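Peer 1: Show me the folded form of this:
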Amino acid sequence: MSIQAQTVIGALYGDEGKGLMVDRLAAATPRAVVVRSNGGAQAGHTVVDPAGIRHVFHHIGSGSFAGAATHFSRFFVAHPMLFLGELSALNERGAKPEISSDPRALITTPFDVLINQAIELRRGAGRHGSCGLGFGETIERNLHPEFVLSTKDLFRSDLHARLVAIRDSWVPGRLAALGISALPEELAAVLADDITITGFEADCAAYLDHVTLWPDRRLCERGAVIFEAAQGLCLDQHRGAFPHVTRSNTGLANIRAIAAEAGVTELDALYVTRCYTTRHGAGPLKREVPTLSGVNVVDPTNAPNEWQGSLRLAPLDLFMLRKAIADDLTSDHGGIAVKAGLAVTCLDQTEDGFAVTDQEQVLRLDPAKAAPDIADFVGLPLWAESWGPRRRDVRLHVEAAAA
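Peer 2: Numbers count the residues shown, from 1 in each chain. Sure, this is the predicted structure:
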């Protein structure tokens, strides 16, 4: 039997409009379950609900305003300290998603956050672009079996002892390996305070009150699957410019593995790009400029912050876009059929004659024709284009509607 799933993947450096596209697809998909296939709370996927209220999704699937459920896959990293605040904000906006998690999904502790921030602070002007939320350090700690903490471990009677071991054994060893002899005063105080552990245990208990254990292999029993990837292909741990990458697979690799467990046989992969390039955080950005001629950039989500600085801008690089998507599509699909299309966002922010590049060539585009032109340059069918931040501003094309 053929079982189909939809996927939304960022094609460049993140912030492409994945949340908007997931919301639009979920609204067109009865009984949808949005599956977080990588990343964690450092994601920031913006959706404007039908009433015009913005919400930035970090944990919970971006289809929540459309009534979709959420599932945290085995590749997702949950952050109980931040989860409840996000869920409460959603509830206040009338969204009450059902949430499940594979038992293997990893858990971020306050000590992962502490180490992450200590590392970035030490780097000073040479920061890698971390969000400071402990995602990469969670991955690192869980490579060591004696310090693993996954969702199923939150039910263990020895949870407190495991957290003490992470604090008293893992943290000093990890800091020593990093060459950090002393923590900044504020972080040292957090490490030494016993309330750090007791507060985290309370967060974990509250987290389990709202999340049901559900294995990835039974995913399709929950509904029609929409995979929501985080970050973008150019930040992939194996393909991005190291060290300015995320410690996860941002494209089809995780999605394909989850799909194989769940019995999904066909994937419709929607690759999303703005009509210009953005990057939030450190790392290379070809043809970076302070402002883009012909583009009135509007982005209230990516405000300047201590950890990633300001949003960076460049014209859309068609060569890089084409290569990133082609590399992802030519990876091993494990026998799962993949059909791909392109979504182009933020077209409402453009003026006539705005520029994109293709290697050394500068191309001027008409906004009205820009989306199909970009799709042609990339070599994919145009499945969607957006002319604003709301669901109603997204035009789904025939191929996507039939997918």
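Peer 1: Tell me if I am right that Asp348 is in a helix.
Peer 2: Yes - looking at Asp348 with DSSP: H, G, I helix; E, B strand; the rest coil, it is inside a helix.
Peer 1: Okay, it and Ala371: tell me how far apart.
Peer 2: Taking CB to CB, to the nearest Å as the measure, Asp348 falls 12 Å from Ala371. All C-beta atoms are positioned from the backbone trio N, CA, C, and that covers glycine.
Peer 1: what does Gly173 give?
Peer 2: Taking CB to CB as the measure, Gly173 falls 51 Å from Ala371.
Peer 1: Looking at the two, which is more packed in?
Peer 2: Neighbour totals were compared for Gly173 and Ala371, and Ala371 leads with 25 against 12 (other CB atoms under 10 Å).
Peer 1: would you say that one is within a helix?
Peer 2: Yes - the assignment for Ala371 is a helix, going by three-state DSSP.
Peer 1: quick one, what contacts it?
Peer 2: Going by CB atoms under 8 Å, 6 or more residues apart in numbering, Ala371 touches 275, 344, 347, 382, 385.
Peer 1: what do you get for Phe319?
Peer 2: 357-359.
Peer 1: Where does it sit, in terms of helix or strand?
Peer 2: Here Phe319 sits within helix 318-329, counting by DSSP states H and E.
Peer 1: all strands of the stretch 1-150 of the chain, in order?
Peer 2: 4-10, 32-36, 45-48, 54-57, 69-72, 77-78, 99-101, 106-107 (DSSP state E, counting those that start in this stretch).
Peer 1: Under the pLDDT cut-off, which ranges of the stretch 51-200 of the chain? List them.
Peer 2: Applying pLDDT under 70 to the stretch 51-200 of the chain picks out residues 123-131.
Peer 1: please redo it, this time with the cut-off set to 50
Peer 2: 126-129 (pLDDT under 50).
Peer 1: For the residue lying closest to Ile60 once chain neighbours are set aside, name its beta-bridge partners.
Peer 2: In this structure, Ile60 finds its nearest non-sequential neighbour in Thr70, 5.0 Å apart by CB to CB, 6 or more residues apart in numbering. Beta bridges link Thr70 to Val34, Ile99, judged by DSSP bridges.
Peer 1: Counting neighbours, what do you get for Thr70?
Peer 2: Thr70 - counted by other CB under 10 Å - has 26 other residues nearby.
Peer 1: residues in contact with it?
Peer 2: 33-34, 36, 59-61, 63-64, 97-100.
Peer 1: Closest one of those to Met320?
Peer 2: Nearest to Met320 out of those is Arg36 (CB to CB; 25.7 Å).
Peer 1: Isn't that closest one up against Ser62?
Peer 2: No - judged on CB atoms under 8 Å, Arg36 makes no contact with Ser62 at a distance of 9.6 Å.
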